[in-house]
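**Student:** how does the following fold in three dimensions:
(one chain, ligands or ions: 1)
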Amino acid sequence: MSSPTRRRTPQFSPPREKPTRWECHCQEPPVLLATYDRSGRVNIKARDRYWNVSSPVHTVCPKCGAEHFLDLPADDALFAPVP
Ligand SMILES: [Zn+2]
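**Tutor:** Residues are numbered from 1 along each chain as shown. Next up, the predicted model:
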């Protein structure tokens with residue numbers, strides 16, 4: 001009982017850049033708006049086509065009509081999806 005340090009299970013960063021889901025949480029399951037990776041690339045699937053764009057991106061949820069704005073940092077220093 002000497003060490004109060006609590007360690008969580010170490011999380012290793014994935015070897016590959018795993019795209020992050022950009023979602024609207026207006027329903028369950030959330031509506032997928034697009035995916036993006038650390039390099040700031042945003043992938044949008046529209047019907048049978050993939051759009052590859054760079055942030056900032058502005059879109060509207062097809063379900064609830066809420067506006068979403070995604071502005072990724074140029075670097076991977078701060079990496080958090082905009083709600
Ligand atoms: Zn929505």
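**Student:** list the buried residues for the lowest-mean-pLDDT helix or strand in the chain?
**Tutor:** Lowest by mean pLDDT, DSSP states H and E among the helices and strands of the chain is strand 41-46, with a mean of 88. Residues 42, 44 are the ones in strand 41-46 that count as buried (16 or more other CB atoms under 10 Å). All C-beta spots, glycine's among them, are computed from the backbone N, C-alpha and C.
**Student:** which other helices and strands does that strand contact?
**Tutor:** strand 31-36, strand 49-54, strand 57-60 (3 or more CB pairs under 8 Å, 6 or more residues apart in numbering; DSSP states H and E).
**Student:** any chance of those strands in JSON lines with distance to residue 70 and mean pLDDT as columns?
**Tutor:** Output for the helices and strands packed on strand 41-46, formatted as JSON lines (distance: least, CB to CB, whole Å; pLDDT from 0 to 100):
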{"stretch": "strand 31-36", "distance to residue 70": "7", "mean pLDDT": "94"}
{"stretch": "strand 49-54", "distance to residue 70": "10", "mean pLDDT": "91"}
{"stretch": "strand 57-60", "distance to residue 70": "5", "mean pLDDT": "93"}
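**Student:** who in the chain is up against the ion?
**Tutor:** 24, 26, 31, 61, 63, 64, 66 (CB under 5 Å from the ion).
**Student:** bridge partners for the spatially closest residue to residue 50 that is not a sequence neighbour, pull those for me.
**Tutor:** Of all residues not flanking residue 50 in the chain, residue 43 sits nearest, at 5.9 Å (CB to CB, 6 or more residues apart in numbering). Beta-bridge pairing of residue 43 under DSSP bridges involves residue 35, residue 52.
**Student:** residue 43 reaches residue 55, doesn't it?
**Tutor:** No - in terms of CB atoms under 8 Å, residue 43 does not count as a neighbour of residue 55; the distance is 11.5 Å.
**Student:** identify the contacts common to these two.
**Tutor:** residue 36 (CB atoms under 8 Å, 6 or more residues apart in numbering).
**Student:** where does the chain dip in pLDDT?
**Tutor:** Residues of the chain meeting the criterion pLDDT under 70: 1-17, 74-83.
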